[in-house]
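Novice: Got a sequence here, can you build the structure:
(one chain, ligands or ions: 2)
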Amino acid sequence: MSLLSKLRMVNGFIMTKYFNRTPFYATYNVTFRCNSRCVYCDYWKSDSPELNTENALKVVDRMSESGISMLAISGGEPLLRNDLNQLLKRARDLGVINTLNTSGLIIKEQLAFELAKYVDAITISIDGPPEVHDKQRGIKGAFERSVRALALYKSAGIRVGINMVLTDLNKDLVMETYNLLEDYIDFMTVQPVNPPLKNGISEKTISDLHSIKGKLFLPESYIEYMKEYINGGFNKICDALKLYYAVDPLGNVLACAARHDIIVGNLLHDSYKQIIGNISKTSMEEIDKCTGCYLVCTVGVNMQLKQSVLNSAVQVIRAYK
Ligand code: SF4
Ligand code: SF4
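Specialist: Numbering: from 1, shown residues only. Ligands and ions are numbered 1, 2, ... in the order given. The predicted structure follows:
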């Protein structure tokens, strides 16, 4: 992580936690095209348009200008964009902590070394041991390819981690997955699929999550309340458009990464500040009516900021040092 990024992160954390300055975090889905076929996702089924390079750079500029400390470039599969390095470079030059989410199915040595210049961390989605991951992601051989990608990015000097989406198929396999991949990763996150699992989650999974100390990049409270959320007794936590927001491939500002239907403006036409200043009553009502979520990039961010500064610093240093 560059010195400028570290300073921006520390400043953002303190300003958000103690002086209520927001937003802190944003996701930019640069494309919805995807080479995975995940059972719980519809993005890959549609052929949705996306911005050209010039306009996508303008979106990155405006996202940085909105004051965020952390930017997650996501998709679809972001690496399907030929200009991804330009977008990442722009964000890096602006001093935003730059993370990239990928399925790990595209493995190119030269690309890995290019990405290493601009990315602070890469998260690869891995949902379990080989058969389970391949089944859930809908691609034969996906696990093996994603693990090769982890090794390649790590050898290029990038901090790498995995995100595991818990479904009824893999919810008892957290520890097994961690043990399989521990040597390849710097950090791991785990989140329940949205909407939540139909058949609940076991005490064993929660206790496994509590026992994975070193590389699990999740606040303790996130693990603690996961069962309550899945079983339906969790009081909604929502900081949409305050602590975080998301942007779709056309530059539309969304309430959060989970609600692509709540569009409040477009960064090609207005700044984030202007959009928030003119937000419609209908959009606010939609956010109020939303029944909740439990994503790392929504509730997880809230809980991360509620931790003690020491706990957060230890986790962040472990993941991004
Ligand atoms: S990798 Fe992400 S965007 Fe692609 S199909 Fe899976 S969940 Fe959807
Ligand atoms: S509660 Fe709804 S609107 Fe709020 S962050 Fe979660 S999904 Fe988004």
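
Novice: count of neighbours near R33?
Specialist: Close neighbours of R33, defined as other C-beta atoms under 10 Å, add up to 18. Glycine gets a C-beta too; all of them are placed from N, C-alpha and C.

Novice: Verify the stated contact: it with L80.
Specialist: Yes. Using C-beta atoms under 8 Å, R33 is in contact with L80, at 5.0 Å.

Novice: what about the longest strand in the chain?
Specialist: strand 159-166 (DSSP state E).

Novice: Tell me the neighbouring strands of that one, and mark each as parallel or antiparallel.
Specialist: Applying DSSP bridges to the sheet, strand 159-166 is found paired with strand 121-125 (parallel), strand 187-192 (parallel).

Novice: So it, near ligand 1 or not?
Specialist: No. Judged by C-beta under 6 Å from any ligand atom, strand 159-166 makes no contact with ligand 1; its nearest approach is 7.5 Å.

Novice: tell me how far that strand is from the chain's mean position?
Specialist: 9 Å (C-alpha atoms, centre = their mean, to the nearest Å).

Novice: Which residues outside that strand are in contact with it?
Specialist: Residues from elsewhere that reach strand 159-166 (C-beta atoms under 8 Å, 6 or more residues apart in numbering): 1, 38, 40, 101, 120-128, 136, 150, 153-154, 170, 174, 177, 181, 184-193, 197, 201, 205, 215, 217, 296, 319-321.

Novice: List buried residues within the residues you listed.
Specialist: 1, 38, 101, 120-128, 136, 150, 153-154, 170, 174, 177, 181, 184-193, 197, 201, 205, 215, 217, 296, 319-320 (16 or more other C-beta atoms under 10 Å).

Novice: Okay, buried residues for the longest strand of the chain please.
Specialist: R159, V160, G161, I162, N163, M164, V165, L166.

Novice: Report the next helix or strand after it in sequence order.
Specialist: helix 174-181 (DSSP states H and E).

Novice: Extract the CA atoms of that next one and return them as CSV.
Specialist: Only the C-alpha atoms of helix 174-181 are listed here, as CSV (Å, rounded to 0.1, in the frame of the first residue of the first chain):
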residue,chain,number,x,y,z
VAL,A,174,-15.7,-22.6,6.4
MET,A,175,-12.9,-24.3,8.3
GLU,A,176,-12.1,-26.8,5.6
THR,A,177,-11.9,-24.0,3.1
TYR,A,178,-9.7,-21.9,5.3
ASN,A,179,-7.3,-24.9,6.0
LEU,A,180,-7.0,-25.6,2.3
LEU,A,181,-6.1,-22.1,1.4
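
Novice: Thank you, goodbye.
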